[in-house]
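In: starting from these lines, generate the structure:
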Amino acid sequence: MHDPLDLRDLVGDEYQQRRESGYDVGDLGSAVANRSVSSLAELEQLYMQLTARPRRSWDYVEPEQLDDILDASPAGRDQHAPSGSLAAASADRILAGWLGRIAGCNVGKPVEDGDVWTSDRIRAYLELAGAYPLRDYIPVLDPMPDGYQLRDCWTETTLGNVDGSARDDDIDYAILGVALLEQYGRGLTPDHVATGWLAHLPYLRVYTAERATYANLLRGVAVGEAADVRNPYREWIGALIRADVFGWVLPGRPREAACLAYADATLSHRANGVYAAMWAAALVSCAGVAETVREAFDASLGYVPGGSRLDEALRRVQRLHADGASWEVALAVIQERYGHYSWVHSINNSCIIAAGLLWGQGDHAATVGLTVQGGWDTDSNGATAGSVAGTVVGTRNLPDRLIGPLHDTTRSAVFGFDNSAISELARRTTRLAASFG
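Out: Residues are numbered from 1 along each chain as shown. Presented below is the predicted three-dimensional model:
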């Protein structure tokens with residue numbers, strides 16, 4: 001369940017994180033594998049051994065300070081946005097981004113379990129339902145075939161059952177981001193974000209890195225250290241899913257959007273977890289003025305530090321598309337190269353988002369469908385891809401079959417925001433964009 005308060009999860013997930021990021025932990029593999037028969041004291045000792053191990057010779061350069069990240073990024077400190085003007089970033093694009101994000105999230109929710117709902121299983125189910133390729137909400141088969149079980153949210157997120165948006169953390173964080181920016185503006189800091197979480201988010205509605213950080217804050221760990229203490233999820237996808245709002249309020253200013261995302265992300269994440277959030281913010285910022293999704297994607301790579309694993313991965317997807325590979329071939333390459341990461345890691349899921357955007361070619365339904373078919377963190381990926389595509393194409397090009405059932409309403413666990421009107425969230429975001437100048 002990836003619970004940072006469960007020592008068995010903590011040890012296993014820290015071992016995986018350390019091994020993936022170049023630390024010398026191989027000889028501890030047997031002890032980690034046998035952790036189910038270990039005492040709590042032995043598990044604690046094993047965890048301390050893991051965290052004390054040095055990094056081996058490492059082929060990547062992955063800075064953590066903002067200045068170093070910007071210096072390592074191709075665009076550096078410049079604003080390399082797509083051609084277009086700030087005037088092109090209209091209220092309609094922001095509304096389309098919100099609608100596109102929320103619809104994409106709901107499309108992916110019924111199959112959000114990457115250990116069970118692999119891309120092959122998703123495809124097999126959709127073919128049985130006559131719904132492959134996916135271009136709508138996932139249908140429910142009655143009776144369900146043996147070996148298939150949708151997530152328990154299926155009663156409110158599947159075809160014919162959507163009546164307003166279901167509650168989801170991918171939506172909660174976008175809502176909270178608006179509230180934080182309304183209060184703190186462009187001076188947002190990790191301390192502000194920490195205060196916002198504790199004041200507005202229930203503990204049981206945050207997960208992995210966010211839950212580890214939340215627990216650290218409650219224990220009195222300093223804000224600047226909360227991402228580092230007993231948090232093996234520091235490079236997972238959580239910060240990426242919080243980043244869209246920073247792009248919406250700064251259209252055509254991807255560097256500034258990325259810097260705001262950094263302030264948010266570093267509360268709970270490090271290295272590629274932070275880069276993924278900065279990339280997503282820059283991507284949405286570029287989408288606010290781009291004529292095509294491809295244009296926004298290409299520009300966004302300027303805000304990923306060269307020499308990082310995320311940069312290598314995203315540029316691999318970009319090359320596959322440029323070389324004319326099919327989406328199926330690209331998916332196979334992504335799975336073969338990055339499938340060793342957790343199904344909620346930032347690197348592999350960023351690749352799935354990128355593939356959905358590039359092969360979706362500006363068609364919102366196709367973009368979301370391809371992204372969800374890719375598996376892993378299906379609701380988060382569908383949300384981000386749907387947001388970017390929606391922001392580029394505007395409301396008139398969003399498919400009514402996905403948008404209509406939302407009825408301009410979303411549930412939320414954020415205090416004071418349950419049953420929010422999506423249009424009102426967009427209006428508040430638009431006012432922020434105007435105030436940022």
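
In: now the stretch 151-300 of the chain, which segments are flagged as low pLDDT?
Out: By pLDDT under 70, the stretch 151-300 of the chain has no low-scoring segment.

In: spell out, range by range, the helices that occur in it.
Out: Counting by DSSP state H, counting those that start in this stretch, the stretch 151-300 of the chain forms helices over residues 154-157, 169-184, 190-200, 208-218, 244-248, 254-265, 272-287, 293-300, given from the N-terminal end onward.

In: which residue sits closest to residue 283, ignoring its sequence neighbours?
Out: For residue 283, ignoring the flanking residues on the chain, the nearest one in space by Cβ to Cβ, 6 or more residues apart in numbering is residue 300 at 3.8 Å. No exception for glycine: its C-beta is placed from N, CA and C like everyone else's.

In: picking up where we left off before, could you dump the helices of the stretch 151-300 of the chain into JSON lines and include distance to residue 312?
Out: As requested, these are exported to JSON lines (distance: least, Cβ to Cβ, whole Å):
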{"stretch": "helix 154-157", "distance to residue 312": "34"}
{"stretch": "helix 169-184", "distance to residue 312": "26"}
{"stretch": "helix 190-200", "distance to residue 312": "27"}
{"stretch": "helix 208-218", "distance to residue 312": "22"}
{"stretch": "helix 244-248", "distance to residue 312": "23"}
{"stretch": "helix 254-265", "distance to residue 312": "19"}
{"stretch": "helix 272-287", "distance to residue 312": "10"}
{"stretch": "helix 293-300", "distance to residue 312": "15"}
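
In: residue 9 touches residue 1, doesn't it?
Out: Yes: with the criterion set as Cβ atoms under 8 Å, residue 9 and residue 1 qualify as a contacting pair; they are 6.5 Å apart.

In: more neighbours, the two?
Out: For residue 9 versus residue 1, neighbours defined as other Cβ atoms under 10 Å are more numerous around residue 9 (17 against 7).

In: and that one, what element?
Out: Using DSSP states H and E, residue 9 sits in helix 7-20.

In: and for the helix or strand just after that helix, what's in contact with it?
Out: Remark: after helix 7-20, the chain's next helix or strand is helix 29-33, criterion DSSP H and E. Under the criterion Cβ atoms under 8 Å, 6 or more residues apart in numbering, residues 11-12, 15, 38, 46 lie in contact with helix 29-33.

In: domain-wise, how is the protein divided?
Out: Listed domain ranges for the chain are 7-52, 66-121+165-436 (source: automatic domain parsing).

In: state the distance from the nearest residue to residue 9 once chain neighbours are set aside to residue 215.
Out: When the adjacent residues along the chain are set aside, residue 9 lies closest to residue 3, with 4.9 Å between them (Cβ to Cβ, 6+ apart). In this structure, residue 3 lies at 10 Å from residue 215, with Cβ to Cβ, to the nearest Å as the measure.
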